[in-house]
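>>> heads up, no residue letters with this:
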DNA sequence: GTGAAAGCGCTAACAC
DNA sequence: GTGTTAGCGCTTTCAC
């Protein structure tokens, strides 16, 4: 397995200087087209591909974007990762993925570790206190996803209108007593979504039972089923789809059937919302746009500009878990 | 935003030479402990973290592992990614994630692009013909996941005993006519799983209806529901959990209820298998071990050894989608 | 045990 | 348009 080709080996075989080879790739317009073609051709023959780490050392730009997520296994993230990766590819950048495994203490260390290897960071850190997050991100260009902070450019999804639209739908179906399963106390999205439902309920004079903040895991949803039944609500807003799946599972164990006995609404429209039977009524997050906007904002940031926070709307998806309130 | 600390800035403030600082980090035992501690301390003060790209340039080792998956959104991959990332972290390596988006034509290009930035590759490419794959991976240390090839070290999950155990269970429950939803024709796992079921069925003298290879997407499972009903089978083995969810959805639309009318078995035990109601009977893939084994094999490879293919067993998970055959 | 110097592959002034 | 040179941050002989 022979040594990989470099601009030097190409330079030698073509009979030009290394800088010309370099330019042929990074500033094609600066080298005469006939020469450039010869260079590119032999580069291909030699199986050359530029060493971006070396380029990064020289330019200060690595061409890699770091993406930090709290938990790859949470179904919210794969579509987001996909979207970011797509957008990054369009900008000729690679994706370094970091999973902090829900440990905010690890985040600082992780960020420090990768700092020199990335141009910037796209970070989803729902729980870390703003102040800490700000410290963690000190000195590294970063855009934060699904969370709004004054000090950092962000990309968020506004689910308020969609949630309220679904709420209206529930109202039409006769639901007058609704349970709300709050997400994690410290999570921006949880607060935001809860407020949307609360505001609506107050305006509509609907009874809203707020169940205490939960970790947003399937098991938490399952565990909440008891309380939902006890609350005597006929419909429930879960913080996200995963919790919604959890309540459904828990309710089913208690002999309740969906949507006949209770209506359930999730949020995000992740894969399992679509694959469960019946499929879940939820709010669809614009993953592709979120990803693209994140990368765009980061690009802006790297260019020295100051991107504003981007807000993208969720879309209501009326599906099988919502039905008329039981008489 | 001041320039990041380097071994030089540390060297200056401590009053030693850059090489000593370098050694303090990469060969701690070579520098007197008192000095080393001073160096480490001021490094911390200055917020230093080593530039691994530079280190990579010097050593030829980047400290990053590339992971290529066909589709991050397929629920099989997030747990695998998580596991690989964990194992990589233990070895002090980062993860560069590449999603080929099911396009095998793109794979060559993607691999070439990242080749210089990674030490090696962990690749899940279920469909690319072996010969092509071998070419694509030419000259880059790689281990392949969930696929067995003579020319490449691999890590695979053997689901045969688990599937047959579940099949036995079905047999006890009275199932004598079983449908098999094959996965993608070119996929190693699909062939392997199909054989497991087929062999069992022949031995048990059970009627097996093999439905033509499908893409392993939810929609394909849904579309297969018709054929399942037409086949008059009382139980179905789906290629994977996603397809299983699909058939369930399709069957439910046709008025069939699970497991009363039909029993369904998936494979892999991805998140949605656990979150659906009823939860899916399936074979649990040892994600953590698969990830660790992949990284271990790659490490071996990088050390110049020739790792054998690792085979890890799946575990049967009897859950809610299997019941007695209808009389 | 520590320092000096060369080099990893590339880019970017600066010359020509 | 193209070549020369220095330097990005680090490791690694080779001296001392």
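Everything's here; your move. In this text the structure is predicted, and so the values were computed from the model without any measurement.
>>> all contacts plus neighbour counts: C-alpha atoms, from now on.
Will do.
>>> neighbours around residue A:106, how many?
Neighbour count of residue A:106, defined by other Cα atoms under 10 Å in any protein chain shown: 12.
>>> need the pLDDT of it.
If you check residue A:106, the pLDDT there is 87.
>>> separation between it and residue A:74?
In this structure, residue A:106 and residue A:74 are 18 Å apart, going by Cα to Cα, to the nearest Å.
>>> likewise for residue A:194?
Distance, residue A:194 to residue A:74, by Cα to Cα: 20 Å.
>>> so if I had to pick from the two, which one is more boxed in?
residue A:194 (21 against 17).
>>> which of the three states applies to the more buried one?
helix (DSSP: H, G, I helix; E, B strand; the rest coil).
>>> and the residue of the stretch 51-200 of chain A found nearest DNA strand D, how many neighbours does it have?
With Cα to the nearest atom of the strand, the shortest gap between the stretch 51-200 of chain A and DNA strand D falls at residue A:58, namely 3.2 Å. By the criterion of other Cα under 10 Å, residue A:58 has 11 neighbours.
>>> go on, residue A:166?
23.
>>> now residue A:202
Residue A:202: 11 surrounding residues under other Cα under 10 Å.
>>> now the host helix or strand of it: buried residues?
Assigning secondary structure by DSSP states H and E places residue A:202 in helix A:188-204. Burial within helix A:188-204, assessed by neighbour count using 16 or more other Cα atoms under 10 Å in any protein chain shown, is assigned to A:188-191, A:193-194, A:196-198, A:200-201.
>>> the residue of the stretch 1-150 of chain A found nearest chain B: what's it in contact with?
Residue nearest to chain B within the stretch 1-150 of chain A: residue A:96 (4.5 Å; Cα to the nearest Cα). For residue A:96, the contact set (Cα atoms under 8 Å, 6 or more residues apart in numbering or on different chains) comprises A:64-67, A:118, B:94-97.
>>> could you redo these as TSV and give each row pLDDT?
As requested, the contacts of residue A:96 are exported to TSV (pLDDT from 0 to 100):
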residue	pLDDT
A:64	96
A:65	97
A:66	98
A:67	98
A:118	96
B:94	96
B:95	97
B:96	97
B:97	97
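>>> what's the most distant pair in those?
The two members of these with the most space between them (Cα to Cα) are A:118 and B:97, at 13.6 Å.
>>> thinking again about what came up before, the contacts of residue A:96 in strands, which ones?
In strands, defined here by DSSP state E, the members of these are A:64-67, B:94-97.
>>> who's in contact with the closest residue to residue A:42 other than its chain neighbours?
In space, residue A:42 comes closest to residue A:10 once its chain neighbours are excluded; the distance is 6.8 Å by Cα to Cα, 6 or more residues apart in numbering or on different chains. Neighbouring residues of residue A:10 by Cα under 8 Å, 6+ apart: A:18, A:21, A:39, A:42-43, A:46.
>>> ok, residues contacting the one helix or strand residue A:248 maps to?
Using DSSP H and E, residue A:248 sits in helix A:241-253. Helix A:241-253 is contacted by residues A:75, A:216-226, A:229, A:237-238, A:257-258, A:264-270, A:272-273, A:280, A:282, B:275-278 when judged by Cα under 8 Å, 6+ apart.
>>> mind checking which of these are buried?
Buried, going by 16+ other Cα under 10 Å: A:75, A:216-225, A:237-238, A:258, A:264-270, A:272-273, A:280, A:282, B:275-278, out of those.
>>> buried residues in stretch A:206-217, which are they?
Neighbour counts over stretch A:206-217 (16+ other Cα under 10 Å) mark A:208-211, A:213-217 as buried.
>>> quick one: residues in contact with that stretch.
Here stretch A:206-217 makes contact (Cα under 8 Å, 6+ apart) with A:176-185, A:198, A:201, A:220, A:227, A:231, A:233, A:239-240, A:242-243, A:246.
>>> in helices, which of the residues you listed appear?
Counting by DSSP state H, the part of the contacts of stretch A:206-217 found in helices is A:198, A:201, A:220, A:227, A:231, A:242-243, A:246.
>>> so which of those comes closest to DNA strand C?
Among these, and counting by Cα to the nearest atom of the strand, the member closest to DNA strand C is residue A:242, at 44.7 Å.
>>> in the stretch 201-327 of chain A, what residue lies closest to DNA strand D?
Closest point on the stretch 201-327 of chain A to DNA strand D, by Cα to the nearest atom of the strand, is residue A:302, at 16.9 Å.
>>> circling back to that earlier point, any chance of the buried residues of helix A:188-204 in a markdown table, with pLDDT too?
Converted to a markdown table, the buried residues of helix A:188-204 look like this (pLDDT from 0 to 100):
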| residue | pLDDT |
| --- | --- |
| A:188 | 95 |
| A:189 | 96 |
| A:190 | 96 |
| A:191 | 95 |
| A:193 | 97 |
| A:194 | 97 |
| A:196 | 98 |
| A:197 | 98 |
| A:198 | 97 |
| A:200 | 98 |
| A:201 | 98 |
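>>> and the residue nearest to residue A:42, which helix or strand is it part of?
helix A:7-14.
>>> right, is the very next helix or strand once past that helix up against DNA strand C?
Of the helices and strands lying after helix A:7-14 in sequence (DSSP H and E), the nearest is helix A:18-26. Yes. Using Cα under 7 Å from any atom of the strand, we find that helix A:18-26 touches DNA strand C at A:18-19, A:22-23, A:25-26.
>>> out of those residues, grab the one that's most surrounded.
residue A:22 (20 neighbours).
>>> I'd like the distance between the closest residue to that residue other than its chain neighbours and DNA strand D.
Nearest residue to residue A:22, sequence neighbours excluded (Cα to Cα, 6+ apart): residue A:7, at 6.4 Å. Remark: distance between residue A:7 and DNA strand D (Cα to the nearest atom of the strand, to the nearest Å) = 11 Å.
>>> just to revisit the earlier point, make a markdown table out of the residues of helix A:18-26 next to DNA strand C and add pLDDT.
A markdown table is the format used below for the residues of helix A:18-26 next to DNA strand C (pLDDT from 0 to 100):
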| residue | pLDDT |
| --- | --- |
| A:18 | 94 |
| A:19 | 95 |
| A:22 | 96 |
| A:23 | 95 |
| A:25 | 94 |
| A:26 | 92 |
